[in-house]
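**Q** Everything below, folded, please.
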Amino acid sequence: MQLSRLFVALSVVVLACAGVPAHAQDLVQPETHADGILLVVTDASGLVTNDSPMYLASNLVGWNPGDHAMKLSGRSDLRWQILLPMPEQGSSLQFKFTRGSWETCEVAADLTDISNRTLAPVERERVVPGQPIVIELVVERFADEREGAIQPRPRSDTTQPLNVTGNALRLQVVGGAGAAGGALRDVVVWLPPGYDDPANADRRYPVLYMQDGQNVFDHHPP
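**A** Alright, predicted model coming up:
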């Protein structure tokens, strides 16, 4: 009876071990690689250029669709790339590619929306110490290719007047928290009518601060 119980117990242990894929230990999650991740992207739409660059919008930078620090650079093979450092411990990357705004977010080949991208584990043999993990991706199309979509104005056009009541001043500044430290962004100061009138020199105005408030003034903020 005791031998029978021992046999059953050993069988359970063997079966439990067999339930773990043998190759699981041979996989590496890219976000855990100390030397970072190199994303190499093919633009199947042909719309990405130096004047209409591609950006990485992700959960690690507050889903900013046009973060200057997250702009992809061109390669000699006509693809685009960005090198990402290893995220903070425990952070899983979710992301999409854009051409600077959510109106130019990537979509599927049939122009339908896609889910947030994530990174699948890679085989350990592909990981080279001292080098980033290289992941190749394809962007099929962008949302502004849809029929009737609002066409974005060039992001380089930062001199276009803002259509508001009063006077809006646009200031370009560099800086931000974390990975956005090198980001170029606009600060828009919206002054009410009559603000510059000498007759109102002693008048005090309430101040409203809006985070990411550039979308109040501009559908395609630079």
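
**Q** contacting residues around the residue nearest the centre of the chain?
**A** When C-alpha atoms, centre = their mean is applied to the chain, the residue found nearest the centroid is Ala57 (1.4 Å). Neighbouring residues of Ala57 by C-beta atoms under 8 Å, 6 or more residues apart in numbering: 63-67, 70, 95-98, 102, 105. Glycine gets a C-beta too; all of them are placed from N, C-alpha and C.

**Q** So for it, what's the nearest residue that isn't a sequence neighbour?
**A** Pro65 (4.5 Å; C-beta to C-beta, 6 or more residues apart in numbering).

**Q** now swap in Val187 and tell me
**A** Per C-beta to C-beta, 6+ apart, closest to Val187 is Leu171, 4.5 Å.

**Q** just to revisit the earlier point, distance of the residue nearest to the centre of the chain from Leu191?
**A** Look at Ala57 and Leu191: by C-beta to C-beta, to the nearest Å, they are 31 Å apart.

**Q** do the same with Ile150
**A** From Ile150 to Leu191 the distance is 28 Å (C-beta to C-beta).

**Q** mean confidence for the helix or strand hosting the residue nearest to the centre of the chain?
**A** Element membership of Ala57 [criterion: DSSP states H and E] is strand 55-58. Per-residue pLDDT values across strand 55-58 average out to 97.

**Q** next one: the helix or strand that comes right after that strand to chain centre, how far?
**A** As assigned by DSSP H and E, the chain's next helix or strand after strand 55-58 is strand 73-74. Relative to its chain's centre, strand 73-74 lies at 16 Å (C-alpha atoms, centre = their mean, to the nearest Å).

**Q** any idea how far Val189 is from the residue nearest to the centre of the chain?
**A** With C-beta to C-beta as the criterion, Ala57 and Val189 are 26 Å apart.

**Q** I'd like to know how many residues surround Ser112.
**A** In this structure residue 112 is Thr, not Ser. When neighbours are counted by other C-beta atoms under 10 Å, Thr112 registers 10.

**Q** What confidence value was assigned to it?
**A** 97.

**Q** residues in contact with it?
**A** Taking C-beta under 8 Å, 6+ apart, we find Thr112 in contact with no residue.

**Q** any idea which element the closest residue to Gln131 other than its chain neighbours lies in?
**A** Of all residues beyond its chain neighbours, the one nearest Gln131 is Asp35 (5.8 Å), with distances taken as C-beta to C-beta, 6+ apart. Per DSSP H and E: Asp35 is located in neither a helix nor a strand.

**Q** And for Asp35, the neighbour number?
**A** 15.

**Q** Ok, the one 4 residues further on next?
**A** Counted by other C-beta under 10 Å, the residues lying close to Leu39 total 23.

**Q** Checking it next. Helix, strand or coil?
**A** strand (DSSP: H, G, I helix; E, B strand; the rest coil).
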